[in-house]
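Kindly generate the corresponding structure for this input.
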Amino acid sequence: MNLTDHKHMKIIKVKDKHEGAKKAFDLIKEALQNDAEVFGLATGSTPETLYKELRESDLDFTDKIAVNLDEYIGLSADHPQSYSTFMNDQLFKAKPFKETHIPDGLAEEQVETERYNAILDSNPIDVQILGIGTNAHIGFNEPGTPFDTDTHKVSLTDATIEANKHNFSSANDVPRFAYSMGIKSIMSAKKIILLAYGENKAEAIANTVNGPVTERVPSSILQKHPDVVLIVDEAAASKL
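Reported below is the predicted structural model:
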């Protein structure tokens with residue numbers, strides 16, 4: 001494993017997603033020891049190995065708060081493909097939190113975005129876990145999303161629908177919209193841990209670290225954050 005500092009970004013290169021999960025686990029354990037209260041959590045295949053490490057650990061989250069990045073619009077919390085179901089299966093059943101928050105995919109837009117922004121205001125995130133899209137989206141903040149957005153309704157791109165269709169019986173079943181924490185919401189976390197594995201993430205990672213800060217590359221704003229750790233495998237780091 002090697003460590004490099006880049007601007008404010010610390011880059012940890014690992015051999016695979018299992019070693020990456022162990023590194024992220026260590027950072028979460030350290031945060032708990034430093035009295036972190038609120039954990040921002042992500043869905044998708046990237047954090048699954050991390051959630052497995054957490055499930056199998058003796059870490060205790062029963063007095064902690066979890067706040068998730070996003071949820072599909074139109075899916076109920078108990079829908080098999082909802083991110084609420086994903087989080088329960090991946091983490092919360094094994095590791096209960098005092099409170100878990102996730103956007104309500106059935107709620108009306110203005111009501112829900114205001115509700116979620118209020119949750120974020122009253123529960124400032126200590127550690128935010130992020131994945132990254134092949135187009136450098138963070139949360140569901142697609143290219144072109146203004147950097148000053150808070151929770152909002154997003155229209156998912158074809159690439160994102162394609163990337164998520166393996167969880168559904170067909171691409172037609174993937175919801176077209178989601179509620180997502182905005183880029184401003186993500187940037188307000190005290191610490192951000194971004195996980196990326198695989199060759200198809202290499203360009204997004206290179207643009208995140210070395211590219212100009214531009215709304216065309218949503219993750220490039222992370223260059224402006226004071227405490228970001230990127231955990232990347234050799235393939236995802238191959239264009240750095």
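
Nearest to the spatial middle of the chain, which residue is it?
By CA atoms, centre = their mean, the chain has its centre lying nearest to Leu130, at 2.9 Å.

The lengthiest helix in the chain: how far from the chain's middle?
Secondary structure of the chain per DSSP state H: the longest helix is helix 17-33. Between the centre of helix 17-33 and the centre of its chain there are 15 Å (CA atoms, centre = their mean, to the nearest Å).

In this protein, where is pLDDT below threshold?
1-7 (pLDDT under 70).

all strands of it, in order?
Applying DSSP state E to the chain gives strands spanning 2-6, 9-14, 38-41, 65-68, 70-72, 99-101, 127-130, 152-155, 177-180, 191-196, 228-233.

Using TSV, lay out these together with distance to Ser219.
Yep, even glycine has a C-beta here, placed from its N, CA and C like the rest. Conversion of those to TSV gives the following (distance: least, CB to CB, whole Å):
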stretch	distance to Ser219
strand 2-6	14
strand 9-14	11
strand 38-41	15
strand 65-68	18
strand 70-72	15
strand 99-101	23
strand 127-130	8
strand 152-155	15
strand 177-180	14
strand 191-196	7
strand 228-233	10
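
mind checking which of those is nearest Thr49?
Minimum separation from Thr49 across those (CB to CB) falls at strand 191-196, 8.7 Å.

What pairs with that closest one, parallel or antiparallel?
strand 127-130 (parallel), strand 228-233 (parallel) (DSSP bridges).

Dump those into a markdown table; add distance to Asp58 as well.
Formatted as a markdown table, these follow (distance: least, CB to CB, whole Å):
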| stretch | distance to Asp58 |
| --- | --- |
| strand 127-130 | 19 |
| strand 228-233 | 22 |
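
To Ile12, which of the ones you listed lies closest?
Taking CB to CB, strand 228-233 is the member of the strands paired with strand 191-196 nearest to Ile12, at 4.9 Å.

Endpoint to endpoint, stretch 132-151 covers what distance?
18 Å (CA to CA, to the nearest Å).

Just the buried positions in it, please.
The neighbour-count check on stretch 132-151 (16 or more other CB atoms under 10 Å) flags 132-143, 145, 147, 149-151 as buried.

again with stretch 175-193
Going by neighbour count (16+ other CB under 10 Å), the buried part of stretch 175-193 is 175, 178-193.

how about the strands of the chain, which one is nearest Ser170?
For Ser170, the closest of the strands of the chain is strand 70-72, at 15.2 Å, according to CB to CB.

can you count the residues close to Glu53?
Glu53 has 20 neighbouring residues, counting by other CB atoms under 10 Å.

now swap in the one 5 residues further on and tell me
The burial count assigned to Asp58 is 4, neighbours taken as other CB under 10 Å.

Any chance you could list what contacts the longest helix of the chain?
Helix 17-33 has contacts (CB atoms under 8 Å, 6 or more residues apart in numbering) with 1, 12, 14, 39, 46-47, 49-50, 52-54, 57, 59, 64, 126-127, 129, 191, 193, 195, 197, 229, 231-233.

Which of those residues are buried, as a PyMOL select command?
Buried members of the contacts of helix 17-33, defined by 16+ other CB under 10 Å, are picked up in PyMOL with:
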select buried, resi 12+14+39+46+47+49+50+52+53+54+64+126+127+129+191+193+195+197+229+231+232+233
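
give the contact list for the residue nearest to Ala159 when sequence neighbours are not counted.
Computed as CB to CB, 6 or more residues apart in numbering, the closest residue to Ala159 that is not its neighbour in sequence is Asn135, at 5.6 Å. Asn135 makes contacts with Glu142, Pro143, Thr157, Ala159, Thr160, Ala204, as judged by CB under 8 Å, 6+ apart.
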